[in-house]
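Trainee: Below are the sequence and a predicted model; questions follow.
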Amino acid sequence: MSDIIELKAVEAALLKSHDTLEAFIAKSNAELKDLGTVSQETKSAINNLSAESIKLADRVAAMEQRMTAGHEESDAALSIGEQFVKSEGFTALAEGRQSRARINIKAAIINTQPASTSQPLVQGQRLAGIVAPANRVLHMRDLLPVGRTSSNLIEFAKENVFTNNAGPTISGSPEQVENETKPESAITFTLATEPVRTQAHFIPASTQVLADSPMLESYINGRLMYGLKWKEDTQILLGTGVNGQLQGLYTNRTAYSNSSPVVYTTKLDILRNAIKQVQVSEYMPTGIVLNPADWMAIEVAKDSQNRYLFANPQSAAAPQLWGLPVVVTNSITSGTFLVGAFDMAAQLWDRQDAIVEMSLEDSTNFQKNMVTIRCEERLAVTIYRAAALVGGSLTAS
């Protein structure tokens, strides 16, 4: 009887501690709204009350487990049929002392659901952290020179036409050094502009859940940041430049064309011919972008004797073709490629680094104890020389 009285007293203390904790959480939300921060006194109180509630909850669980240990040991190991045969009612029926037998089976014993949900006295093993899906390796930002800007518009003078007439003088004798007519060249320029674009997304969350699980807040922030960078990686390559998108490298490329009389049919030949196309435009390529499926097709190509033509299965070298590093990414569509002198072709400009912010001042957040978590960045990509980027299909036409 004393165990039951003690259990009720501890349960009452746990309920009181929980109510006090909720009051301090409400106070912290009010401080955050009015002052923009939570006082150290409130934070300490919440931490102390949380620790106290956990201790009381553990104490209640231990007492309940101790009180029911005898039943678990005697009943849990027996099947329903075994419990029925061993019951007093069945014994009386067998001895002829009564005409019927009855046994009460505890729901917790016959329930086949997992212990942590159907048997509150058995605590499930909770693994730390959250199992997240795979993250894409992001490469495109690394291909470009990166600068910073304090403006919302990038302007740059772009050479339009250069008429080069450099050469010998038109008239005059070797002895004459003055009053000679020199060839005239011409250069025209175009003022190009590129606005700074805003990339962002947000997610609503419960303030109580975030307060009870600081790890969840950190996880959400990380996923928002990754999602933003994932889209940035894709837009640096495939952005259209309209509807708020960045200028994409592949979108602004020079189309691959085979000007050689030789018809190139293999992926390796097409890529080498694309390198030549960039070089003919007076640029030196710095890299190749390929989809994983196309890179694998190149690596596993074999000759008639089943020998690998290109790859060495025992080698762990970084992907490379024709002396150029290969960026293998899902951001580019399978069956297409991009070869470029990326350091000369374009530049990325950061106006505002990616940041994560929270606010209660959004729609009905304050009424519903919700918070909006937003991740945002501002940047631009300027394409200087489209001829330095060559891309297209890896299928011979």
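Mentor: Happy to help now that I have it.
Trainee: Contacts only, for Asp212.
Mentor: Counting by C-beta atoms under 8 Å, 6 or more residues apart in numbering, Asp212 makes contact with nothing. All C-beta atoms are positioned from the backbone trio N, CA, C, and that covers glycine.
Trainee: Against Ser50, how distant is it?
Mentor: As judged by C-beta to C-beta, to the nearest Å, Asp212 and Ser50 stand 8 Å apart.
Trainee: For the longest helix belonging to the chain, which helices and strands make contact with it?
Mentor: Counting residues, the longest helix in the chain under DSSP state H turns out to be helix 2-35. With contacts defined as 3 or more C-beta pairs under 8 Å, 6 or more residues apart in numbering; DSSP states H and E, helix 2-35 has these neighbours: helix 40-67, helix 207-212.
Trainee: Show me the one of these that comes nearest Lys182.
Mentor: helix 207-212 (74.2 Å; C-beta to C-beta).
Trainee: Okay, buried residues for the closest one please.
Mentor: Thr207, Leu210, Ala211 (16 or more other C-beta atoms under 10 Å).
Trainee: average model confidence for it?
Mentor: Average pLDDT, helix 207-212: 78.
Trainee: Next secondary structure after that helix?
Mentor: Once the chain leaves helix 207-212, the next helix or strand it forms, by DSSP states H and E, is helix 214-238.
Trainee: list the helices and strands that following helix packs on?
Mentor: Right, helix 214-238 is packed against helix 140-143, strand 197-206, helix 207-212, strand 346-359, strand 370-383 by 3+ C-beta pairs under 8 Å, 6+ apart.
Trainee: Select from those the stretch with the lowest mean pLDDT.
Mentor: The weakest mean pLDDT among those belongs to helix 207-212, with a mean of 78.
Trainee: can you give me phi and psi for Thr265?
Mentor: Thr265 adopts backbone torsions of phi -120, psi -30, taken as degrees, to the nearest 10.
Trainee: Now Thr234: closest residue in space that isn't a chain neighbour?
Mentor: Leaving aside its sequence neighbours, Thr234 sits nearest to Ser331 (C-beta to C-beta, 6 or more residues apart in numbering; 4.9 Å).
Trainee: Let me see the contact set for the one you found.
Mentor: Residues in contact with Ser331 (C-beta under 8 Å, 6+ apart) are Arg136, His139, Met140, Asp233, Thr234, Leu237, Leu238, Val289.
Trainee: doesn't Asp233 make contact with the second one?
Mentor: Yes: in this structure, His139 is within contact of Asp233 by C-beta atoms under 8 Å, at 7.0 Å.
Trainee: who's more crowded, those two?
Mentor: When neighbours are counted by other C-beta atoms under 10 Å, Asp233 comes out ahead of the other of His139 and Asp233, with 20 against 16.
Trainee: From what I see, the more buried one and Met140 are in contact.
Mentor: Yes: between Asp233 and Met140 there is a contact at 4.8 Å, judged by C-beta under 8 Å.
Trainee: Quick check: neighbours shared by these two?
Mentor: Counting by C-beta under 8 Å, 6+ apart, the residues touching both Asp233 and Met140 are Thr329, Ser331.
Trainee: returning to that earlier point: now flag whichever of the contacts of Ser331 is closest to Val356.
Mentor: Nearest to Val356, judged by C-beta to C-beta, of these is Asp233 at 18.1 Å.
Trainee: Next, work out how far apart the closest one and Met63 are.
Mentor: Distance, Asp233 to Met63, using C-beta to C-beta: 55 Å.
Trainee: Likewise for Ser28?
Mentor: From Ser28 across to Met63, the span is 31 Å (C-beta to C-beta).
Trainee: In the stretch 1-150 of the chain, where is pLDDT below threshold?
Mentor: Scanning the stretch 1-150 of the chain for pLDDT under 70 picks out the ranges 1-4, 7, 60, 64-87, 89-132, 134-135.
Trainee: mind redoing it with 80?
Mentor: Low-confidence regions of the stretch 1-150 of the chain, defined by pLDDT under 80, span residues 1-12, 14-15, 17-19, 21-22, 24-26, 28-38, 42-43, 46-138.
Trainee: Quick one: residues contacting Thr336.
Mentor: Shown in contact with Thr336 (C-beta under 8 Å, 6+ apart): Tyr250, Asn291, Gly391, Gly392, Ser393, Leu394.
Trainee: now for the helix or strand the third one falls within, which elements pack on it?
Mentor: In this case it means Gly391. Per DSSP H and E: Gly391 is located in strand 389-393. Applying 3+ C-beta pairs under 8 Å, 6+ apart, we find strand 389-393 packed against strand 254-255, helix 267-280, strand 336-340.
Trainee: if we can go back for a sec, I'd like the contacts of Ser331 as JSON lines, with distance to Glu41 appended.
Mentor: As requested, the contacts of Ser331 are exported to JSON lines (distance: C-beta to C-beta, whole Å):
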{"residue": "Arg136", "distance to Glu41": "44"}
{"residue": "His139", "distance to Glu41": "48"}
{"residue": "Met140", "distance to Glu41": "48"}
{"residue": "Asp233", "distance to Glu41": "44"}
{"residue": "Thr234", "distance to Glu41": "47"}
{"residue": "Leu237", "distance to Glu41": "51"}
{"residue": "Leu238", "distance to Glu41": "52"}
{"residue": "Val289", "distance to Glu41": "55"}
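Trainee: Put the buried members of these into a ChimeraX selection.
Mentor: A single ChimeraX command selects the buried members of the contacts of Ser331 (16+ other C-beta under 10 Å):
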select :139,140,233,234,237,238,289
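Trainee: Nearest to Ala380 among the contacts of Ser331?
Mentor: Ranked by distance to Ala380 (C-beta to C-beta), the contacts of Ser331 are led by Met140 at 14.3 Å.
Trainee: Now do the same contact list for that closest one.
Mentor: Residues near Met140 by C-beta under 8 Å, 6+ apart: Glu232, Asp233, Thr234, Ile236, Leu237, Leu249, Val289, Val327, Thr329, Ser331.
Trainee: and the last one, what pLDDT?
Mentor: It stands for Ser331. pLDDT, read off for Ser331, is 92.
Trainee: so Ala317, which of the three states?
Mentor: Three-state call for Ala317 (DSSP: H, G, I helix; E, B strand; the rest coil): coil.
Trainee: related to what we said a few turns ago, and Ser28 and Met63? Which one has more around it.
Mentor: Ser28 (19 against 16).
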